[in-house]
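> Mind looking at a prediction? Sequence and model below.
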Amino acid sequence: MGKKHIAVAMGGYSSEFEISINSGAIVCNALDKSKYEIYPIHILEKGWFFVAANGTKYPVNKADFSFKSGEETICPDAVFNTIHGTPGEDGYLQAYWELLGIPHTSTDYYSAALSFNKRDCLSVLKNFGVRAANSYFVNRGSEVKVEEIILKTGLPCFVKPNRSGSSFGISKVNDISEMEAAIEKAFTEDSEIIIETALVGVEVSVGVYNEGEEIIALPVTEIVTENEFFDYEAKYLGKSQEITPARISEEETEMVQKEAIRIYKLLNMKGITRSEFIIEKGKPFFLEINTNPGLSAESIIPKQAREAGMSLTEFFDILVQNVL
């Protein structure tokens, strides 16, 4: 039995493609070279390419996701998906790989699409009694009724794009006069926006993954930000502290891990996800779930995996073995 061919998909078409390239590089380095032949695949708006070790780019054939490596044509046995945002986190590529019959490490296309749309995801989860902030939705082109929004969410509130990863386009509104500018900013990222009550409490993040049939929560990370909230700067430019394990009680830790597992099951997730919560007055309030969380050195999931006693090689191996 030869080594399995694993394509590591990275890049994407969103503002986060550079972060995804970092995640992809970490995965390529960490995957077990004794088990797998590893192929970095850049999926960018300007084209899809296998990038060989010497920097040569070989185009990917979109008909079957095959590509040349030197003279050999490779059809991958599985794809390790590290794309944040569109088209790798919102269901497009998942549906494409599923149609081609290529297993991939991320969740299925429908769960990906549903969770990428915060409005639809919250609507489903609230139905099952998942606690979340009060929210108000606005589509581009419809009338913005600022007074009505504030009646629903109160101040301060967050204004954010409905479908975007990595905290682009988010503002915190403390005063009614700031609302219109915040709405404009969110509309630069998405034609749908969501306005939510700013919850007050400890922000935490929990990774959940499956190992075969078993669903496991990782240790909890606490997010402490120097900025007004956990925005792009805080996330990627070191303006926040992430503390793993979180400085919360054992009861709170267990409660938030249980809730993260329950949400994973309710949404029929697979692979690794990361859910964000705010613990307000001892209760976890759900913010959002990422189905392709960052895996670069600064990212939360690798830290949680290490805290759980796994090397990245072991952890990524579980994700690949799940689908092979």
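Ah, there it is.
> Do a quick rundown of the helices in the chain.
17-30, 92-100, 109-116, 118-127, 146-153, 179-187, 232-236, 250-266, 300-307, 312-323 (DSSP state H).
> For the first one, output the C-alpha coordinates as CSV.
Backbone C-alpha positions of helix 17-30 (Å, rounded to 0.1, in the frame of the first residue of the first chain) are rendered in CSV as follows:
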residue,chain,number,x,y,z
PHE,A,17,-7.0,34.3,1.9
GLU,A,18,-3.6,35.2,3.4
ILE,A,19,-4.5,33.8,6.8
SER,A,20,-5.7,30.7,5.1
ILE,A,21,-2.4,30.3,3.2
ASN,A,22,-0.7,30.4,6.6
SER,A,23,-3.0,27.7,8.0
GLY,A,24,-2.4,25.6,4.9
ALA,A,25,1.4,25.9,5.3
ILE,A,26,1.2,24.7,8.9
VAL,A,27,-1.0,21.7,8.0
CYS,A,28,1.4,20.8,5.1
ASN,A,29,4.4,20.9,7.6
ALA,A,30,2.6,19.0,10.3
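> Which other helices and strands does it contact?
Packing partners of helix 17-30 (3 or more C-beta pairs under 8 Å, 6 or more residues apart in numbering; DSSP states H and E): strand 4-11, strand 36-44, helix 312-323. Using the backbone N, CA and C atoms, a C-beta is placed for each residue, glycine as well.
> got the angle for that helix vs helix 312-323?
Here helix 17-30 points in a direction 100 degrees away from that of helix 312-323 (axes from the mean of the first three to the mean of the last three C-alpha atoms, to 10 degrees).
> Quick check: mean pLDDT of helix 17-30?
Confidence over helix 17-30, taken as the mean pLDDT, stands at 95.
> So which residue is dead centre in the chain?
Asn290 (2.8 Å; C-alpha atoms, centre = their mean).
> For the residue nearest to that residue when sequence neighbours are not counted, name its beta-bridge partners.
Distances taken as C-beta to C-beta, 6 or more residues apart in numbering put Arg274 closest to Asn290, at 4.7 Å, once the chain neighbours are dropped. Note on Arg274: beta-bridge partners by DSSP bridges are Gly207, Asn290.
> Much appreciated, bye for now.
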